[in-house]
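Colleague: Here is a sequence together with a model predicted from it:
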Amino acid sequence: MAESFAKLPPSLQAERKGDVAILRLSRPEKRNALDDGTVLGIEAFFSSLPDGIKAAVIHGAGEHFSAGLDLSELSERNTAEGMHHSRMWHRAFQHIEFGKVPVVAVLHGAVVGGGLELAASAHVRVAERSSYYALPEGSRGIYVGGGASVRLPKLIGTARVMDMMLTGRTYGAEEGLTIGLSQYLVDNGTGLAKGIELAERIATNAPLTNFAIMHVLPRIAESDPASGYLAESLMAAIAQGSDEAKARLKDFLEKRGKKVLRG
Ligand code: 1HE
């Protein structure tokens, strides 16, 4: 395990707040468009988090979360290079979705194309009221390549993804909350604080439980019910048998554990 954050390109900035890692897309002059160096930096960051990090937050500097793929690099690539480029995005975002710690994405302004694909690879999304979502690939003559075809139908359904891509439909922040693009809607300027608050809460869970939620739950949701029930029982038994679970249950029974509070 690493002791400090990976070396990052100037388009990314990392910060540590206790056991939470914060990654900021820092290319506001290009609306945080994701060039190759940035995508590779995202991969490096999430694949080598320092010791003791238990949750992460990703957010964007400037007026927008991300304008998606850096279109200026696109015209340079032939078909084979295009395929490897898309696979590189898949690899990078896999390190978020199936990485070591849960990730909260804090969204504002444009969350479009590859920016939405990046957001969709996180585990929890907090949207400021300024957020809007679009998949402009159709109008650019290209196709999504950062995982949208797989992740977005699970969030909002295939029909909505088709509509966004065919007609260029844009969803605003409130609609985004209703249809499942975000789980939280907050006032402009308050997203990062909310994202950090949620990450800090996530970081207090047992690491094995967070692992099960990130890695086992989505696989069960995609498997046949019989295999799913079996995998659930196995995971439940493994989690319950851990020393950490025993200590936490004892704490509750001896009135030291956290109560479930309304709201
Ligand atoms: C960019 C990019 C970009 C801005 N690649 N340079 N994504 C898109 O199709 C979205 C394209 N961007 C926009 O629609 C707008 O820029 C925004 C709505 C996001 C923001 O508008 P605005 O008025 O704040 O900024 P702007 O004036 O349009 O852009 C400011 C600068 O950022 C300008 O560069 P400048 O050198 O002239 O100052 C823009 O060229 C630059 N810029 N967006 C490159 N995307 C793995 S496949 C994923 C496929 C996709 O993501 S397709 C969707 C691509």
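Modeller: Nice, I can see it. Numbering: from 1, shown residues only.

Colleague: tell me the SS of residue 111?
Modeller: strand (DSSP: H, G, I helix; E, B strand; the rest coil).

Colleague: Would you list the phi and psi of the closest residue to the ligand within the stretch 101-250 of the chain?
Modeller: Closest residue of the stretch 101-250 of the chain to the ligand, Cβ to the nearest ligand atom: residue 113 (2.4 Å). C-betas here are computed from N, CA, C, even on glycine. Residue 113 adopts backbone torsions of phi 50, psi -120, taken as degrees, to the nearest 10.

Colleague: please begin residue numbering at 11 from this point
Modeller: Got it, first residue is 11 now, which makes that one residue 123.

Colleague: if you skip the residues just before and after it, what's nearest to it?
Modeller: residue 78 (2.7 Å; Cβ to Cβ, 6 or more residues apart in numbering).

Colleague: if I pick the one you found, what's in contact with it?
Modeller: By Cβ atoms under 8 Å, 6 or more residues apart in numbering, the residues touching residue 78 are 43-44, 122-127, 146.

Colleague: Look up phi and psi at the nearest residue to residue 119 once chain neighbours are set aside.
Modeller: In this structure, residue 119 finds its nearest non-sequential neighbour in residue 74, 3.4 Å apart by Cβ to Cβ, 6+ apart. Residue 74 has phi and psi values of phi -140, psi 150 when expressed as degrees, to the nearest 10.

Colleague: Provide a list of residues in contact with residue 74.
Modeller: Contacts for residue 74 (Cβ under 8 Å, 6+ apart) come out as 38, 41-42, 118-121, 125.

Colleague: From the ligand, how far off is it?
Modeller: Going from residue 74 to the ligand by Cβ to the nearest ligand atom, to the nearest Å gives 5 Å.

Colleague: pLDDT value on that residue, please?
Modeller: pLDDT for residue 74: 98.

Colleague: ok, so what distance separates it from residue 61?
Modeller: Distance of residue 74 to residue 61, computed by Cβ to Cβ, to the nearest Å: 33 Å.
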